[in-house]
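Novice: Could you look at this predicted model? Sequence included:
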Protein chains: 2
Amino acid sequence: MAGVDRIGAASLENVSGFEGTEGGAAGARRTAEPDLRIGRPLSELDTPTLLLDRAASDRNLAQMVNFFHARPAKLRPHFKNHKCVTLAKRQLAAGAVGMTCAKLGEAEVLVAHGFPDVLIANQVVGDAKLARLVRLALRAKIAVAVDHEDQAVAISKAATAAGAVVDLLIEVDIGMGRCGVQPGAPAAELAQRVAGLPGVRFAGLQAFEGHLVNVLDRADRTARAKAAMQQAIDTRRMLEAAGVPVGCLSGCSSATYDSTGTMAGVDEVQAGTYATMDRQYHRLVPEFATALSVLVRVISRPGPGKAVLDLGVKGAGGEFGVPEIRDYPDVEIPFFLAEEHTVVRNAPDWPIGQVLQLIPSHACTTCNLYRELVVHEDGVVVDVWPIEASGRLA
Amino acid sequence: MAGVDRIGAASLENVSGFEGTEGGAAGARRTAEPDLRIGRPLSELDTPTLLLDRAASDRNLAQMVNFFHARPAKLRPHFKNHKCVTLAKRQLAAGAVGMTCAKLGEAEVLVAHGFPDVLIANQVVGDAKLARLVRLALRAKIAVAVDHEDQAVAISKAATAAGAVVDLLIEVDIGMGRCGVQPGAPAAELAQRVAGLPGVRFAGLQAFEGHLVNVLDRADRTARAKAAMQQAIDTRRMLEAAGVPVGCLSGCSSATYDSTGTMAGVDEVQAGTYATMDRQYHRLVPEFATALSVLVRVISRPGPGKAVLDLGVKGAGGEFGVPEIRDYPDVEIPFFLAEEHTVVRNAPDWPIGQVLQLIPSHACTTCNLYRELVVHEDGVVVDVWPIEASGRLA
């Protein structure tokens, strides 16, 4: 992506200059018949439909990349949030240095669309996956997280046999209690063992303060996230003092970009949700706009104040609570558990057929449920972007 | 489906005799290259992979249809559970009278695969949907739930303009508090108004005891579900006494098939989950086997007793709690909220790479996350069935 202007909003439209090796689905679509929804008002769309407010998303993209423009850390957005190649291209065009993925299958989608530099921020295990991984590493710069020598040795063998090189980041557990080796000596020892393996390159460390990103009080979140990330930075310094160069420390999120993302010794920020936003993250970082929503319809008015909307947990992630109705923040959604319905308690006099926008509580699991993002501005559809990595779980 | 043998297991393999107007994806696939996974042991598969134990599912299908063989009510299985056309064909071949859907998009998939008789157990609202609905009703017998005259009038207008006829079931709220008109006089009045509309046919009533299906104590569940359904039966009798014939009362679930499904006046049982089963329903109706699971791998062993599996809420529904690990019922999964990970606390000495089967807590939302069911018997892959209606939310 050398030569891409990093300044933000003004360059966001310049996605046609992207150097894809296979073109993108969006590109392919543009040569076919135009989508008949383009140019129509949202109220005429079928429901549920996943919507993205393009101007709001563009502002989010510019705002995040501008934050890091004069800072040492670089932005490596997390593809798992939206899984949409067009939106990922816009993130790179805005100035991101590469993409982060949760799954190998997501990385395969990005590489197939010409992305040259992808981090899989997760352990890649099993013969079937190793065969796919080394095929991918022959086509692009691929980094993978490891937290045990067994994973690294298996990748080393597969990469060596294929003539590929896979970058490895040692994942350090800084308190989340999920994957990761303990910081300090255990991480440093694993790094030194990995550094001697063929077919792989010890590229640095990964650490994610995921147990703290939902702390609502921002000062408290900042202090605790920095203390957590300091353990990874200390591990980095320990390795460097032992003569082991640490190319990169990658971590952080949209909720901690301005805390851990500004610490000396942190090189890459894996923020994801800032591009689309959701109800939960909007509580945490209100400086980003809720660009994502789901268009829904009132399908029933079964009693006074009660309205039933045509969306449930098959159409929006519910892990972080109930969605919010755009422009109706006071309308109460008591629970969000049904597969296809949302029941509202104190609804105004919406008729059956009324169209509304639900802001989901969790954008990452919501986008994974759809095949396309219907992109709008000023209430009119302006584009439709495929979600190429929807359902890429493996 | 006239002439299909209703007796169950012996006829379950006879799906090739299905009279599809466009053939099925599974049929199309069988003429192409065979899936290389067929014949391989599960341990060699990539993960996560959605699995169906064919023998266990076949037993479930036979058991449910045999239960209703000598009873008045007929089985109309709910497609929303698995969204897989091949499995739906097996349900019809086993003796079901038609299919139930939650969404118009699911019904479109079924009709495209030749299913002649589909109930959409939900309100269908909005111009885009009405245009789709009447196109469908020109090709198959389609019934739709309504709970307000506005929905029925809109369908009537669209159907009349298209020369189609849509069957309408009045949805009666028997306590769930979601959609549905109140039982008794309000439901009877709506039925009488609907019965006079052109382009539609008043076909009967729908009532779902969804607020009671998760009552764990079976005697309590039975008593309360029967009391709830009695309100719909009383509404039926009220209409019949007024000279309005009620062709059908449709409702019930896999957890109440043997309670409300045996009541005089109930004609159709919309059971869904019995075909695949999940952890929650297995608590409720243990006579059906957990045929569905997700093949997962241990990707990390970050500490004593701790194991991390490569599946989270992007790969299994979590609304009804944590999944269970097949053959390891005592291994503790404290929570199930991460997108791509499950952390296990008291794991045995599984190595990194160990393959396991997770039984999801909710089959319906799990199947919707996948594109295919990998079908196995005795630990070996025997077939791969597409999940054609995955993501059909609209």
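Specialist: Received it, and whenever you're ready, just let me know what you need.

Novice: quick check: domain ranges of chain A?
Specialist: A:54-276, A:292-386 (automatic domain parsing).

Novice: which residue ranges form the helices in chain A?
Specialist: A:25-31, A:54-69, A:85-94, A:104-112, A:127-137, A:149-162, A:185-195, A:218-241, A:279-284, A:363-367 (DSSP state H).

Novice: Get me the contact residues on the stretch 101-250 of chain A for chain B.
Specialist: Counting by Cβ under 8 Å from any Cβ of the partner chain, the positions of the stretch 101-250 of chain A adjacent to chain B are A:102-103, A:122-129, A:132, A:147-148, A:150-151, A:154, A:173, A:177-181. C-beta here means a position set from N, CA and C on the backbone, and glycine is covered the same way.

Novice: Got a ChimeraX select line for the buried ones in those residues?
Specialist: Listed next is the ChimeraX selection for buried residues among those, using 16 or more other Cβ atoms under 10 Å in any protein chain shown:
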select /A:102,103,122,123,124,125,126,128,129,132,147,148,151,154,173,178,179,180,181
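
Novice: Kindly provide the distance from A:Arg237 to chain B.
Specialist: From A:Arg237 across to chain B, the span is 23 Å (Cβ to the nearest Cβ, to the nearest Å).

Novice: before we move on, what about A:Cys364?
Specialist: Distance from A:Cys364 to chain B, by Cβ to the nearest Cβ: 6 Å.

Novice: And the pLDDT for that residue?
Specialist: pLDDT for A:Cys364: 98.

Novice: Which residue, other than its chain neighbours, is closest to it?
Specialist: Leaving aside its chain neighbours, A:Cys364 sits nearest to A:Asn81 (5.1 Å; criterion: Cβ to Cβ, 6 or more residues apart in numbering or on different chains).

Novice: Surely that neighbour is in contact with A:Thr366?
Specialist: No: using Cβ atoms under 8 Å, A:Asn81 is not in contact with A:Thr366, being 9.7 Å away.

Novice: out of these two, which sits in the more crowded spot?
Specialist: A:Asn81 (31 against 26; other Cβ atoms under 10 Å in any protein chain shown).

Novice: Show me the shaky parts of chain A.
Specialist: Applying pLDDT under 70 to chain A flags residues A:1-32.

Novice: mind running it again at 80?
Specialist: A:1-33 (pLDDT under 80).

Novice: Quick check: longest strand in it by residues?
Specialist: Using DSSP state E, we find that the single longest strand of chain A is strand A:292-303.

Novice: how much does that strand deviate in direction from helix A:54-69?
Specialist: With axes from the mean of the first three to the mean of the last three Cα atoms, to 10 degrees defining the directions, strand A:292-303 sits at 140 degrees from helix A:54-69.

Novice: Quick check: can you name the pairing partners of strand A:292-303 and their directions?
Specialist: Partner strands and pairing direction for strand A:292-303 (DSSP bridges) are strand A:49-53 (antiparallel), strand A:306-309 (antiparallel), strand A:355-359 (antiparallel).

Novice: how about CSV for those, with mean neighbour count added?
Specialist: Formatted as CSV, those follow (neighbours: other Cβ atoms under 10 Å in any protein chain shown):
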stretch, mean neighbour count
strand A:49-53, 25
strand A:306-309, 24
strand A:355-359, 22
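
Novice: give me the number of residues near A:Pro72?
Specialist: A:Pro72 has 12 nearby residues by other Cβ under 10 Å.

Novice: What of A:Ala264?
Specialist: With other Cβ under 10 Å as criterion, A:Ala264 counts 7.

Novice: Surely it touches A:Pro72?
Specialist: Yes: counting by Cβ under 8 Å, A:Ala264 does reach A:Pro72; the two are 7.1 Å apart.

Novice: Please report how far the spatially closest residue to A:Ala389 that is not a sequence neighbour lies from A:Glu106.
Specialist: Spatially, and ignoring its direct neighbours in sequence, A:Ala389 is nearest to A:Lys83 (3.7 Å; Cβ to Cβ, 6+ apart). For A:Lys83, the distance to A:Glu106 equals 7 Å [Cβ to Cβ, to the nearest Å].

Novice: For the closest residue to A:Arg237 other than its chain neighbours, give me phi and psi.
Specialist: In space, and not counting its chain neighbours, A:Arg237 is closest to A:Gly265: 7.3 Å by Cβ to Cβ, 6+ apart. Main-chain dihedrals, A:Gly265, degrees, to the nearest 10: phi 110, psi -10.

Novice: Cross-check the contact I'm expecting between A:Gly265 and A:Thr235.
Specialist: No: the pair A:Gly265 / A:Thr235 is not scored as a contact, 9.8 Å apart, by Cβ under 8 Å.

Novice: higher neighbour count, these two?
Specialist: A:Thr235 (27 against 18).

Novice: right, and the more buried one touches A:Gly184 too?
Specialist: Yes: if you go by Cβ under 8 Å, A:Thr235 and A:Gly184 touch, sitting 5.8 Å apart.

Novice: just to revisit the earlier point, could you tell me which residues make contact with the residue nearest to A:Arg237?
Specialist: Residues in contact with A:Gly265 (Cβ atoms under 8 Å, 6 or more residues apart in numbering or on different chains) are A:233, A:236-237, A:249.

Novice: 6 Å - rerun?
Specialist: Taking Cβ atoms under 6 Å, 6 or more residues apart in numbering or on different chains, we find A:Gly265 in contact with A:233, A:236, A:249.
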